[in-house]
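In: Sequence unavailable; structure follows:
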């Protein structure tokens, strides 16, 4: 499957673990006292496409991510319960797989596009 990969981090204590992530993908990370200094440092370096967000439910955030990255096909999710991730991904007809410290999701573009077309 093709499509942009986006990393979404809900863990307020993720902090320096950002160093281990592949920074070729856009990163969305929750604002917190631990994460904010790392976010500022990465923004200064201009070496990564990083966005921060205030605490909110995944099903609300995924709509914003979809607006900014409409061609996403893969998500890496950290700090989120499997129930929250599965419920939100269902709207995009996606699949969810466990990683060692999070979840990996793929969107089924053809069915998601058909669903959206049916709603318009």
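Out: The structure has been received and is ready for your questions. None of the values given here were measured: they were computed from a predicted structure.
In: make it CA atoms for all contacts and neighbour counts henceforth
Out: OK.
In: In this protein, where is pLDDT below threshold?
Out: Along the chain, segments meeting pLDDT under 70 span 1-2, 109-120.
In: could you pull out the helices for it?
Out: With DSSP state H as the criterion, the chain has helices at 35-45, 58-68, 82-90, 109-119.
In: Ok, which of these comes nearest residue 13?
Out: helix 35-45 (6.5 Å; C-alpha to C-alpha).
In: isn't residue 85 right up against residue 60?
Out: No. If you go by C-alpha atoms under 8 Å, residue 85 and residue 60 don't touch, sitting 11.4 Å apart.
In: Those two: which is more packed in?
Out: A count of neighbours by other C-alpha atoms under 10 Å puts residue 85 above the other of residue 85 and residue 60, at 21 against 10.
In: Next, the contact list for the closest residue in space to that one that isn't next to it in sequence, please.
Out: Spatial nearest neighbour of residue 85, excluding adjacent residues (C-alpha to C-alpha, 6 or more residues apart in numbering): residue 58 at 6.9 Å. Residues in contact with residue 58 (C-alpha atoms under 8 Å, 6 or more residues apart in numbering) are 84, 85, 88.
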